[in-house]
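Undergrad: the following comprises the amino acid sequence and a computationally predicted model.
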Amino acid sequence: MISDIDLETLEKEYLDYIVKSLNQDIPRILEGLNSRIKILNDWRIQFLRTCRKDQRTGRPIQASDLKDGAQRIFHNYFAPFLKFPNSCPIGSDMMYEVPEAIIHIEVKTCLTSNPSDYRGKVPLERNQISYMHPHFLPNLPPIYQSINKPTLTYAIQIVHEHMKPEIEALNVICIPNGQLYKYYPDMLQAGKGGWAKATNVRYRYITEPRFVLLSRKLGQDIYRIEILLLRKGFTIKKLTGENLPLKPYNII
């Protein structure tokens, strides 16, 4: 079994790899994410028609118009350098096997009008994490015993305006492997129905945003969140809920 410190080191190595790879071509990624805007008039009415309705008012509840499209963009982007997708039915939007691990990458899109989905947290489901909780059991194993490879889990979070080209923030978050639970207790938040009805959760990275073991070993704060892009006026505090000492790679 891999040691806890080696596991965190591996999580950090692939966080850096993902961030460095994405940062090489932010303009092309933004172009892809906003390609839907060019044909907005061809899908807008149909999209609004499918939105959930508020049970009290009957009005449509705003949903991210980037959810499915963003997944396509990142599938296409990762294909050249994470070359071995895995066909396992239990996993994230993207699942790859690399020599040292099985990598799960989840794409999460959030509207600026709903900060409860992004301010210091990221929504996740059972099939997207190995991180456990006394009231919530994930579906991913900490270690794939058949091949002796650990699970590494990442979320690409995009905060954007509804049906507009403005991308306010683009960040990557590394979610701890379940083996590391003792260093990251109580990081999950149940939905409105409480733990009894929870089929998904919000991972509150702001509770402990650092790589705990690596930070201790190196004597400096090493963070589990990297901000690839931040729009001027959309501050780190708006994104994370606190003034974390993070430097965005790109400010637009």
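TA: Nice, thanks for sending it over. Keep in mind it's a predicted model, so treat the numbers as computed, not measured.
Undergrad: CA only for contacts and neighbour counts going forward, please
TA: Noted.
Undergrad: mind checking how far the longest helix that the chain contains is from the chain centre?
TA: Criterion DSSP state H: the longest helix present in the chain is helix 4-23. Relative to its chain's centre, helix 4-23 lies at 14 Å (Cα atoms, centre = their mean, to the nearest Å).
Undergrad: repeat for stretch 160-171
TA: In terms of Cα atoms, centre = their mean, the centre of stretch 160-171 is found 15 Å from the chain centre.
Undergrad: and the end-to-end length of that stretch?
TA: Separation of the first and last residues of stretch 160-171 by Cα to Cα, to the nearest Å is 12 Å.
Undergrad: can you show me the strands along the protein?
TA: Counting by DSSP state E, residue ranges of the strands within the chain are 94-98, 101-111, 122-125, 143-144, 149-160, 167-175, 188-190, 200-203, 225-230, 250-251.
Undergrad: so for His135, which of these sits nearest?
TA: strand 188-190 (9.1 Å; Cα to Cα).
Undergrad: the closest one: partners in the sheet, and parallel or antiparallel?
TA: Here strand 188-190 has these sheet partners by DSSP bridges: strand 200-203 (antiparallel).
Undergrad: which other residues reach the strand it pairs with?
TA: Under the criterion Cα atoms under 8 Å, 6 or more residues apart in numbering, residues 117, 121-126, 175, 187-191 lie in contact with strand 200-203.
Undergrad: export the residues you listed to TSV and append columns for neighbour count, distance to Pro150 and pLDDT.
TA: Formatted as TSV, those follow (neighbours: other Cα atoms under 10 Å; distance: Cα to Cα, whole Å; pLDDT from 0 to 100):
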residue	neighbour count	distance to Pro150	pLDDT
Asp117	19	28	92
Lys121	24	23	96
Val122	24	22	96
Pro123	23	22	93
Leu124	20	19	93
Glu125	17	19	91
Arg126	20	17	91
Ile175	24	13	98
Met187	20	20	94
Leu188	23	21	93
Gln189	19	24	91
Ala190	18	26	87
Gly191	15	28	74
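Undergrad: tell me which two of these sit farthest apart.
TA: Across those, no pair lies farther apart than Ile175 and Gly191, at 18.3 Å, counting by Cα to Cα.
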